[in-house]
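**Student:** Structure for this input, please:
(one chain, ligands or ions: 1)
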Amino acid sequence: MAAASVIEARELSLTFETADGPVYALSKVNLTVQDGDFVSFIGPSGCGKTTLLRVIADLEQASEGHISVNGMKPDEARRKRAYGYVFQAPALYPWRTIERNVALPLEIMGFSAAERAERIARNLDLVNLKGFEKKFPWQLSGGMQQRVSIARALAVDPKLLLMDEPFGALDEIVRDKLNQQLLELWGRTKKTVVFVTHSIPEAVFLSTHIVVMSPRPGRIIDVIETKFPKDRTLDIRETPEFLKVAHRVREGLRQGHSYDD
Ligand SMILES: Nc1ncnc2c1ncn2[C@@H]1O[C@H](COP(=O)(O)OP(=O)(O)OP(=O)(O)O)[C@@H](O)[C@H]1O
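**Tutor:** As a prediction, the model looks like this:
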C-alpha cells in the first residue's frame with residue numbers, strides 16, 4: 001500500500017517585502033513528504049530552510065502556491081496540533097520543572113491530570129530522561145534540555161515532528177549521541193520528521209530523503225533518497241554508500257552556491 005502524504009507543497013513561493021526590496025525566500029517549491037519519512041532540509045544560510053519549515057507550521061504564509069499538512073491547510077493543521085515543533089534553542093520555561101514543561105501543551109489542550117501524568121512519563125522515557133522530572137531546566141545540560149523540548153513536542157502525540165536545527169548549538173560528541181537517539185526514537189514512534197540542518201553527515205545519517213536547497217531565490221535543487229537500514233549506527237558514516245550520498249549532497253550545495261556575497 002502506498003504511504004499517505006503528510007506534506008504536499010506545489011509551486012510554493014514566499015516573497016518578503018522589505019525596505020531594501022523583495023526577498024525571494026522561497027521560489028516554486030515542490031515537495032512531497034510521505035508518512036514515516038525522515039526528511040532533512042540542507043543548504044547555505046538564507047536558502048529558505050527555516051522559512052519552508054515555518055510555512056508548514058503556519059508561522060509564515062506562502063505568497064503563491066499550495067501546501068497541505070496531513071491533508072489540511074496549515075492553519076487548520078496548527079489548530080489541530082498536527083505537528084510538534086522543536087526550535088534551535090530549547091525554549092523551556094526556567095521556573096517550571098521538567099515535567100511541568102512537558103505538561104504545558106497538555107494543559108493548554110485540557111488533558112486530565114491522569115492523562116498528563118501518563119504522557120509525561122511516556123515521553124520523558126522516550127528521550128531517556130526518566131528520573132529528571134522534578135529538576136529545573138538550568139540543572140540539565142544543553143543536550144538534555146533539547147531532549148526535554150523533543151518530549152514536549154511529542155506530548156500531544158502529533159504525527160509530524162518539525163525540527164529547526166535542534167542540535168546546531170551542541171558539540172559534536174553530544175550531537176552524535178542525540179542523532180543516534182533521535183533515529184531510535186523515530187524508529188520506535190514511526191513519526192514523520194522534517195529536520196533543518198547545516199551538517200552534511202547529520203543529514204545523511206538521519207534521513208530517508210535529503211532536500212538540498214539553494215538561495216536567491218530559495219529553491220530545491222535536489223532530493224536524494226537514501227537506503228540505509230533502519231537500525232543503523234554511527235559506524236555507517238565510514239561506508240562507501242554513505243560517502244557517496246554525502247558527496248552528492250556536497251556537489252549539490254557547491255553548484256547552488258553563489259560566491260558573490
Ligand atoms: N520576516 C522576514 N522578513 C524579511 N526577510 C526575511 C524574513 N524571514 C526570513 N527572511 C529572509 O528570507 C531568506 C530565507 O531565510 P531563512 O531564515 O528561511 O533561511 P535559512 O536557510 O533558514 O537560513 P539559516 O541557515 O541562516 O537559518 C533570507 O534571505 C532571510 O533574510
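**Student:** Minimum distance to the ligand, which residue of the stretch 51-200 of the chain gives it?
**Tutor:** At 3.3 Å from the ligand, T51 is the closest residue in the stretch 51-200 of the chain, using C-beta to the nearest ligand atom. Glycine gets a C-beta too; all of them are placed from N, C-alpha and C.
**Student:** so that residue is in which element?
**Tutor:** T51 belongs to helix 49-56 when assigned by DSSP states H and E.
**Student:** quick revisit: check the contact between the residue of the stretch 51-200 of the chain closest to the ligand and A62; I expect there is one.
**Tutor:** No - in this structure, T51 is not within contact of A62 by C-beta atoms under 8 Å, at 9.5 Å.
**Student:** Common neighbours of the two, please.
**Tutor:** Listed as contacting both T51 and A62 by C-beta atoms under 8 Å, 6 or more residues apart in numbering are 14, 26.
**Student:** Could you verify my assumption that M144 touches F132?
**Tutor:** Yes - proximity of M144 to F132 meets the contact threshold set by C-beta under 8 Å, at 7.2 Å.
**Student:** The helix holding T51 packs against which elements?
**Tutor:** Applying 3 or more C-beta pairs under 8 Å, 6 or more residues apart in numbering; DSSP states H and E, we find helix 49-56 packed against strand 5-18, strand 21-34, strand 38-42, strand 64-69, strand 160-164, strand 192-197.
**Student:** Of all those strands, which one comes closest to P94?
**Tutor:** Checking the helices and strands packed on helix 49-56 against P94 by C-beta to C-beta gives strand 160-164 as the closest, at 21.0 Å.
**Student:** From V223, how far off is L14?
**Tutor:** Per C-beta to C-beta, to the nearest Å, L14 is found 19 Å from V223.
**Student:** end-to-end on stretch 219-239?
**Tutor:** In stretch 219-239, first residue to last residue: 30 Å (C-alpha to C-alpha, to the nearest Å).
**Student:** buried set for it?
**Tutor:** Across stretch 219-239, burial judged by 16 or more other C-beta atoms under 10 Å covers 219-220, 222, 224, 226, 228, 232.
**Student:** Please apply the same query to stretch 99-113.
**Tutor:** 99-103, 105-106, 111.
**Student:** In contact with K73, which residues are there?
**Tutor:** I67.
**Student:** Pull the number of nearby residues for the closest residue to L185 other than its chain neighbours.
**Tutor:** Using C-beta to C-beta, 6 or more residues apart in numbering and skipping the chain neighbours, the partner closest in space to L185 is L126 (5.9 Å). Neighbours of L126 under the rule other C-beta atoms under 10 Å: 18.
**Student:** Test my guess that L126 contacts W186.
**Tutor:** No - using C-beta under 8 Å, L126 is not in contact with W186, being 10.8 Å away.
**Student:** Give me the distance between stretch 125-132 and the centre of its chain.
**Tutor:** Centroid separation for stretch 125-132 versus its chain: 21 Å, with C-alpha atoms, centre = their mean, to the nearest Å.
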